[in-house]
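**Q** coordinates only, no sequence provided:
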């Protein structure tokens with residue numbers, strides 16, 4: 001006779017929720033449902049009237065596909081907005097794009113070059129139209145890619161810096177600076193790209209290691225009123241930019257540096273710093289014999305002549321020796337050659353002594369055709385061949401007897417981050433915002449002082465960002481606003497041809513702003529200027545430079561938060577969030593722009609993230625072949641895996657991604673998904689009539705509620721602190737350690753084998769229902785698609801999980817005494833399982849359910865603490881004996897109890913005939 005089949009009497013979980021996620025196929029279907037339902041608008045309606053949380057999106061550049069940095073950045077932004085929404089706030093998200101500037105011009109020009117077309121022959125309006133179309137194309141591409149990440153935003157109405165309304169407000173913000181006297185035009189050395197023919201902001205420059213030519217050049221001393229014996233000797237300078245020698249106008253010495261006169265092996269008397277004699281001798285490949293010491297005061301009033309003085313005019317003029325505090329003995333010769341056209345220190349020192357720039361280097365990096373030395377040279381100044389030891393500069397210096405050494409030198413050098421080509425310091429007329437001029441706005445302060453005060457009032461996450469941007473603002477030069485390009489917002493000023501002053505006329509400015517609202521940047525034409533100026537047209541020069549794109553993006557707070565076009569927004573923003581490089585970019589330009597026009601920062605807090613490296617910690621680059629494409633990740637794993645990765649790493653520092661890392665994240669996701677599957681299956685058929693009051697629940701259920709209460713508070717803290725690494729870690733630990741590995745394991749028996757009305761089963765299902773509502777909501781900002789799928793599986797007609805508030809978790813569920821009790825019990829469980837595993841490996845028992853555990857402890861308080869706890873149930877064994885004794889012992893052995901044929905537990909009340917325990921017999925036989 002075969003044994004009875006009790007499987008039909010067991011309450012097995014039942015759900016249609018698949019174990020296999022199939023995210024790459026399922027996520028687009030969910031996304032389509034959200035779009036059809038206009039979920040973003042539903043959310044705005046649901047949150048109307050709630051406390052506002054204003055996040056302002058920093059505009060990515062409309063150029064190229066989304067990369068992994070974009071993905072991380074926007075996932076973090078989405079997580080901020082979603083968690084704030086979950087906390088009950090009205091947290092809108094208006095995305096935006098930066099559409100002007102050189103990168104787009106560069107791409108359009110590349111297309112011209114491919115067609116052998118000269119950009120300068122194309123009408124400006126036509127060229128700008130092509131730039132506008134190029135930007136719009138990439139806005140549309142990136143928008144769809146970002147949607148695929150599950151980013152909840154106002155995608156139908158993003159902001160674009162090239163919208164006419166935006167361009168008009170950028171102009172109006174510029175004119176605020178003009179009207180308050182915070183603009184000036186001056187000639188200063190600025191970072192210049194000879195390839196792109198424009199000035200660059202600090203944020204547009206990156207540094208790479210290169211090998212340059214270093215040279216030591218001798219300038220003959222012709223006058224030395226304080227030390228006549230120096231006449232005829234040579235002051236030696238060292239430089240890694242030989243191309244600046246043709247524009248040398250002086251030599252700087254250190255007022256605190258001691259010098260010497262020394263003789264080379266060839267008999268030349270040279271002046272160098274005493275501390276650098278050995279280094280100079282090594283470069284010259286010659287022994288140096290020190291003749292005498294020279295005090296820095298002896299150099300005052302001395303002059304030298306240029307090695308190429310025979311060329312006459314500019315080169316025949318005497319070059320003064322000038323005291324410079326910036327001169328050190330860290331490297332070189334202790335004497336620094338001064339080219340005010342091409343260095344900030346050079347410019348400042350020479351200007352203080354009445355020496356002006358000569359503008360010898362053109363926009364393309366070549367010397368002026370009329371320049372006596374190398375004028376008309378085909379090679380530009382960044383060409384290595386021009387500067388090489390055998391190049392024309394070194395050859396001419398050698399012929400003049402002035403080149404003492406020439407050789408390779410490795411160092412870090414600035415490059416344009418767009419063209420990847422070297423940049424130079426070049427003195428050109430530019431428009432500036434002064435950092436240290438007194439301004440109004442609540443008292444007499446400078447822009448620098450206002451900005452520093454605003455930084456102090458801002459919350460930074462991580463806090464080290466405060467020092468980083470603070471140091472940059474405290475030490476930065478005046479803000480260069482002008483660029484010499486076509487695709488951007490014009491500097492809408494008129495300059496008096498006689499006085500050099502710009503026109504300040506509010507009525508004209510209002511007309512300019514109004515025309516820009518109608519026509520955008522194409523409004524700025526000579527015809528419009530004549531219309532505005534009338535009979536004063538000849539008196540004024542129309543400025544043709546455009547604004548730095550950082551000024552554009554620095555104004556986004558004005559046309560996004562203040563304009564009223566997005567009524568769900570308001571000024572200032574609660575938060576700006578970008579990569580740490582934006583301390584010198586968007587964070588700073590927004591800070592300066594807002595402080596200059598409103599007297600405070602446009603944000604209350606700044607959150608920064610690090611950069612994404614490959615699995616080995618290397619920077620990603622196409623040449624290295626280590627680029628991880630987020631679009632490929634979504635095709636393979638799905639967006640939720642990418643989101644879980646982004647919100648699990650310590651994003652405040654540089655972090656890593658790679659195949660093995662993603663596999664680990666996918667494994668973590670499977671555990672979460674399987675927990676949801678368990679919850680759905682275990683709650684099959686649940687009704688509110690089954691709910692049990694907490695006061696009637698067994699200890700295990702009350703402990704799980706305690707953990708939920710603790711977790712809710714911890715997660716709120718993490719969300720408020722934007723600590724998503726902690727947020728996801730807390731949930732994962734709860735799911736894996738507290739639920740899957742413990743409570744769910746213990747309650748399987750009750751769930752499957754108790755009667756439907758049993759108190760323990762009702763209590764457990766009540767707790768599972770509470771846990772389901774908590775986990776789906778808590779994980780909704782992380783696993784946006786999966787949470788929706790889980791919610792829709794259980795409540796297909798209840799709307800989106802993303803419309804819900806934070807789950808209602810009673811803080812009164814916290815029970816510290818119960819927590820200590822279960823802490824002891826779980827510790828015993830861990831210790832027992834180590835020995836039980838040995839018993840199973842020895843095949844003494846087939847499962848832990850067959851075992852008996854005997855525990856002896858000398859700690860009476862532990863026995864008291866565990867009073868009333870069913871340890872056999874928690875340890876999933878047949879019996880547990882806990883007793884007081886002199887020694888600490890834990891013994892495991894096979895229990896001498898019969899096995900229930902239905903629940904498989906080994907219990908004392910299993911009946912011989914039915915092979916059922918009392919509980920199971922009651923269920924089966926009623």
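**A** It's in. All figures in this text were calculated on a predicted structure; none of them were measured in a lab.
**Q** for the rest of this, base every contact and every neighbour count on C-alpha atoms.
**A** Fine.
**Q** what is the neighbour count of residue 139?
**A** As a burial measure, residue 139 scores 24 neighbours (other Cα atoms under 10 Å).
**Q** one more: residue 10?
**A** 18.
**Q** who are the contact partners of it?
**A** Residues in contact with residue 10 (Cα atoms under 8 Å, 6 or more residues apart in numbering) are 752, 753.
**Q** tell me the phi and psi of residue 668?
**A** phi -60, psi -40 (degrees, to the nearest 10).
**Q** quick one, what contacts it?
**A** Listed by Cα under 8 Å, 6+ apart, the contact partners of residue 668 are residue 732.
**Q** try 7 Å
**A** Neighbour list for residue 668: empty [criterion: Cα atoms under 7 Å, 6 or more residues apart in numbering].
**Q** from residue 102, how far off is the residue nearest to residue 491 when sequence neighbours are not counted?
**A** Of all residues not flanking residue 491 in the chain, residue 546 sits nearest, at 5.2 Å (Cα to Cα, 6 or more residues apart in numbering). Using Cα to Cα, to the nearest Å, residue 546 is found at 11 Å from residue 102.
**Q** so the residue nearest to residue 491 touches residue 483, yeah?
**A** Yes. Under the criterion of Cα atoms under 7 Å, residue 546 makes contact with residue 483 at 5.2 Å.
**Q** looking at the two, which one has more neighbours?
**A** Shown here are residue 546 and residue 483; by other Cα under 10 Å, residue 483 has more neighbours (27 against 21).
**Q** and for residue 649, the neighbour number?
**A** Residues near residue 649, counting by other Cα under 10 Å, number 18.
**Q** OK, contacts around residue 629?
**A** 67, 68.
**Q** kindly report the same for residue 884.
**A** Residue 884 neighbours (Cα under 7 Å, 6+ apart): 856, 857, 858, 860.
**Q** please name the bridge partners of the second one.
**A** When you say that, I think you mean residue 857. Counting by DSSP bridges, residue 857 is bridged to residue 884.
**Q** what distance do you get for it to residue 694?
**A** From residue 857 to residue 694 the distance is 32 Å (Cα to Cα).
**Q** same check, this time on the last one
**A** Separation of residue 860 from residue 694 (Cα to Cα) stands at 30 Å.
**Q** look at the two and report which has more neighbours.
**A** More crowded of residue 860 and residue 694, by other Cα under 10 Å: residue 694, with 15 against 11.
**Q** pLDDT wise, what is that one at?
**A** You'll see residue 694 listed with a pLDDT of 97.
**Q** stretch 880-898: how far from the chain's middle?
**A** In terms of Cα atoms, centre = their mean, to the nearest Å, the centre of stretch 880-898 is found 57 Å from the chain centre.
**Q** what stretches of this protein score poorly on pLDDT?
**A** The chain contains residues with pLDDT under 70 at 1-2, 440-443.
**Q** nearest the geometric middle of it, what residue?
**A** Centroid-nearest residue in the chain, with Cα atoms, centre = their mean: residue 579, separated by 1.5 Å.
**Q** doesn't residue 609 make contact with that one?
**A** Yes. Using Cα under 7 Å, residue 579 is in contact with residue 609, at 4.7 Å.
**Q** just to revisit the earlier point, quick one: residues contacting the residue nearest to the centre of the chain.
**A** 608, 609, 610.
**Q** go on, residue 777?
**A** Residue 777 neighbours (Cα under 7 Å, 6+ apart): 801, 806, 807.
**Q** cool, and residue 466?
**A** Residue 466 neighbours (Cα under 7 Å, 6+ apart): 455, 460.
**Q** tell me which element it falls in.
**A** With secondary structure defined by DSSP states H and E, residue 466 is part of helix 464-475.
**Q** note down every partner strand of the following helix or strand past that helix and its orientation.
**A** Downstream of helix 464-475, the next assigned helix or strand under DSSP H and E is strand 479-480. Here strand 479-480 has these sheet partners by DSSP bridges: strand 424-433 (antiparallel).
**Q** contacts for the longest strand belonging to the chain?
**A** Assignment by DSSP state E gives strand 205-223 as the longest strand of the chain. Outside strand 205-223, the residues that touch it by Cα under 7 Å, 6+ apart are 230-240, 242, 302-307, 387-389, 402-417.
**Q** now it: buried residues?
**A** Of the residues in strand 205-223, 205-206, 212-223 count as buried by neighbour count, 16 or more other Cα atoms under 10 Å.
**Q** those residues: which two are farthest apart?
**A** The distance between the two most remote of the buried residues of strand 205-223 (Cα to Cα) is 42.4 Å, for 206 and 223.
**Q** residue boundaries of the strands in the stretch 551-700 of the chain?
**A** 575-579, 605-609, 612-613, 655-656 (DSSP state E, counting those that start in this stretch).
**Q** quick one: those as TSV, columns for distance to residue 707 too.
**A** Below are the strands of the stretch 551-700 of the chain laid out as TSV (distance: least, Cα to Cα, whole Å):
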stretch	distance to residue 707
strand 575-579	31
strand 605-609	30
strand 612-613	34
strand 655-656	31
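**Q** looking at those strands, spot the one closest to residue 887.
**A** Residue 887 sits nearest to strand 655-656 of all those, at 49.2 Å, using Cα to Cα.
**Q** quick one: strands adjacent to the closest one?
**A** Sheet pairing of strand 655-656 (DSSP bridges) gives strand 612-613 (parallel).
**Q** related to what we said a few turns ago, tell me the one of the contacts of residue 884 nearest residue 446?
**A** Using Cα to Cα, residue 860 comes nearest to residue 446 of the contacts of residue 884, at 71.4 Å.
**Q** tell me the contacts of the closest one?
**A** Residues in contact with residue 860 (Cα under 7 Å, 6+ apart) are residue 884.
**Q** what about it, distance to residue 825?
**A** To residue 825, residue 860 is 15 Å away according to Cα to Cα.
**Q** so what strands line up beside the longest strand of the chain?
**A** Looking at strand 205-223 with DSSP bridges, its partner strands are strand 234-239 (antiparallel), strand 303-305 (antiparallel), strand 403-416 (antiparallel).
**Q** residue 234: neighbour count?
**A** Residue 234: 23 neighbours (other Cα under 10 Å).
**Q** so who does it touch?
**A** Contact analysis of residue 234 by Cα under 7 Å, 6+ apart lists 218, 219, 220, 221, 269, 270, 271.
**Q** report the buried members of the contacts of residue 884.
**A** Neighbour counting by 16+ other Cα under 10 Å classes 856, 857 among the contacts of residue 884 as buried.
**Q** farthest-apart pair in the contacts of residue 884, please.
**A** Pairwise distances across the contacts of residue 884 (Cα to Cα) peak at 10.2 Å, for the pair 856 and 860.
**Q** can you tell me how far the residue nearest to residue 918 when sequence neighbours are not counted is from residue 900?
**A** Leaving out its chain neighbours, the residue that sits closest to residue 918 by Cα to Cα, 6+ apart is residue 909, at 5.9 Å. Residue 909 sits 9 Å away from residue 900, going by Cα to Cα.
**Q** go on, residue 715?
**A** For residue 715, the distance to residue 900 (Cα to Cα) stands at 42 Å.
**Q** for residue 573, same thing?
**A** For residue 573, the distance to residue 900 - Cα to Cα - is 65 Å.
**Q** same question, residue 527
**A** Taken as Cα to Cα, the span from residue 527 to residue 900 is 97 Å.
**Q** so between those two, which is more surrounded?
**A** Of the pair residue 527 and residue 900, residue 900 is the one with more neighbours under other Cα under 10 Å, namely 23 against 10.
**Q** count the residues that sit near residue 385.
**A** Applying other Cα under 10 Å, we find 15 residues neighbouring residue 385.
**Q** give me the beta-bridge partners of residue 432?
**A** Residues in beta-bridge contact with residue 432 (DSSP bridges): residue 184, residue 480.
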